[in-house]
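*Asks:* Here is a sequence together with a model predicted from it:
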Amino acid sequence: MTTKPIAVYTDVEDTDPAPGIALLEAHGFEVRVLGTRDPDEIVEGARDAVALLPGYASITRDMIEQLPNLEIIALMSMGFDYVDVDAATEHGIWVTNVPGAATEEVATHALATLLYSVRQLRFYLASANPADWNERAPQAPPRLSEKTLGIIGLGRIGRELARLAGPLFGRVLGYDPLMPDTPEVRADLDALGVQRTGLDEVRGGSDVLSLHLPLTAETAHMVDADFLAGMPEGAVLVNVSRGGLIDNHALVASLDAGHLSGAALDVLDAEPPQVGHPLLGRDDIVLTPHIAYFSARTEIEYVRIQAQNAVTLHETGEPESPVTRPAPRR
């Protein structure tokens, strides 16, 4: 009698795992859905699992060390900062993500929210009534063709934002320390109208600055008080990547001082935020609930790709979109 490999979903509160379950079962897996982010419950329910499929649950070193059969942690996101990738790698476990699944959606969302902020739509939507019809915001919105868009992180999403938003701006500056400097890369950026330059130049020269970076030890709170002070007066900050890139208190101070005119955020450092979070309820912040990736297409694709990584590893020995290559198992 052959024992089926076991795949375990952790938390699935805002997704329908049915397409992933069907795919896994069609390829011989036994599937369990735990419906929890609790680490003890996850460990208890996945002790014999070869594949772990988290939603937003954190997967720590301690948890990994209690899951001896685990071969893959297949994520349903582009980011992987909520998994101890180093621990997984040391224990011979693959970690995978879903690169490219929501490139169009996230770039479009960044553009939509930055336009909402720059065009001061919160104010003018509120004043579209007979009593306030002729009211004007304290500062007139700028003409975008006279302004500069800065993009920090020139991966798929950053480049797609450049393609979509570039025609609206006078120029586009870009920074990415990991992107190679090759003729092919230069040609691609030239075609997008992106002038690649240093971090200080992008920060100091951008009237709208959009972040497209993973959250790592190096990028955590990189947007601090000194960073914000180096941005132009009246600039707008956009973040559709990870909330931990920004020092919240520094952002609040910059907005309160009138140095930045606004921010457009789809992510926070803690989600969902606690009541009283410093970035909630502000007229100068456009805030959406980590929904930039979401569309009718991605609702299916994220689930499918997550499951497909587990299936492909099981059938070929290597998943389709690994974050890193694990150490050989002993």
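*Replies:* Right, received. Where do you want to start? Numbering: from 1, shown residues only.
*Asks:* if I pick the nearest residue to L34 once chain neighbours are set aside, what's in contact with it?
*Replies:* Using CB to CB, 6 or more residues apart in numbering and skipping residues adjacent in sequence, the residue nearest L34 is G45, 4.5 Å away. Just so you know, the C-beta spots here come from the backbone N, C-alpha and C atoms, and that holds for glycine as well. G45 is in contact with V8, R32, L34, T36, counting by CB atoms under 8 Å, 6 or more residues apart in numbering.
*Asks:* R171 touches V194, doesn't it?
*Replies:* No. Taking CB atoms under 8 Å as the definition, R171 is not a contact partner of V194, at 9.1 Å.
*Asks:* which one of these two has more residues nearby?
*Replies:* Set side by side, R171 and V194 give different neighbour counts by other CB atoms under 10 Å, the larger being at V194 (25 against 15).
*Asks:* Touching the longest helix seen in the chain from outside, list them.
*Replies:* In the chain, with assignment by DSSP state H, the single longest helix is helix 298-316. With contacts defined as CB under 8 Å, 6+ apart, helix 298-316 is touched by 5, 7, 15-21, 23-24, 27-29, 50-51, 53, 71-72, 74-77, 94, 96, 98, 101-102, 105, 293, 318-321.
*Asks:* Show me what the helix or strand just after it is packed against.
*Replies:* The first helix or strand that comes after helix 298-316 along the chain, using DSSP states H and E, is strand 322-324. Using 3 or more CB pairs under 8 Å, 6 or more residues apart in numbering; DSSP states H and E as the contact criterion, the elements in contact with strand 322-324 are helix 85-90, strand 94-96.
*Asks:* who does the shortest one touch, helix- and strand-wise?
*Replies:* For strand 94-96, the elements it packs on are strand 72-74, helix 85-90, helix 298-316, strand 322-324, judged by 3+ CB pairs under 8 Å, 6+ apart.
*Asks:* Starting from that strand, tell me which strands it pairs with and how they run.
*Replies:* The pairing partners recorded for strand 94-96 under DSSP bridges are strand 72-74 (parallel), strand 322-324 (antiparallel).
*Asks:* Go through the ones you listed and find the least confident stretch.
*Replies:* When those are compared on mean pLDDT, strand 322-324 scores lowest, with a mean of 92.
*Asks:* Please compute how far that one lies from its chain's middle.
*Replies:* On the basis of CA atoms, centre = their mean, to the nearest Å, strand 322-324 sits 16 Å off its chain's mean C-alpha point.
*Asks:* all helices of the stretch 51-200 of the chain, in order?
*Replies:* 61-64, 85-90, 103-118, 121-126, 156-165, 183-192, 199-205 (DSSP state H, counting those that start in this stretch).
*Asks:* what's the last one in contact with?
*Replies:* Surrounding helix 199-205, the residues in contact under the criterion CB under 8 Å, 6+ apart are 148, 150-152, 173-175, 177, 197, 209, 227, 230-232.
*Asks:* Now do the contacts for the spatially most central residue of the chain.
*Replies:* In the chain, the residue lying closest to the centroid (CA atoms, centre = their mean) is S241, at 3.3 Å. When the contact criterion is CB under 8 Å, 6+ apart, the partners of S241 are G79, G153, L211, H212, L213, P214, L215, V267.
*Asks:* which residues sit in contact with the fifth one?
*Replies:* If I follow you right, that is L213. When the contact criterion is CB under 8 Å, 6+ apart, the partners of L213 are I152, G153, T219, M222, S241, R242, L245.
*Asks:* Columns distance to A126, secondary structure and pLDDT on top of these, output as JSON lines?
*Replies:* Shown next, in JSON lines, are the contacts of L213 (distance: CB to CB, whole Å; DSSP: H, G, I helix; E, B strand; the rest coil; pLDDT from 0 to 100):
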{"residue": "I152", "distance to A126": "32", "secondary structure": "strand", "pLDDT": "98"}
{"residue": "G153", "distance to A126": "33", "secondary structure": "coil", "pLDDT": "97"}
{"residue": "T219", "distance to A126": "35", "secondary structure": "coil", "pLDDT": "95"}
{"residue": "M222", "distance to A126": "34", "secondary structure": "coil", "pLDDT": "97"}
{"residue": "S241", "distance to A126": "29", "secondary structure": "coil", "pLDDT": "96"}
{"residue": "R242", "distance to A126": "30", "secondary structure": "coil", "pLDDT": "95"}
{"residue": "L245", "distance to A126": "30", "secondary structure": "helix", "pLDDT": "98"}
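*Asks:* The spatially closest residue to Q306 that is not a sequence neighbour: how many residues sit nearby?
*Replies:* Distance criterion CB to CB, 6+ apart; nearest residue to Q306, sequence neighbours excluded, is M76 at 4.4 Å. Other residues within reach of M76, judged by other CB under 10 Å, total 26.
*Asks:* M76 and A46: what is the separation?
*Replies:* Distance of M76 to A46, computed by CB to CB, to the nearest Å: 16 Å.
*Asks:* ok, now L211?
*Replies:* Using CB to CB, one obtains 34 Å as the distance from L211 to A46.
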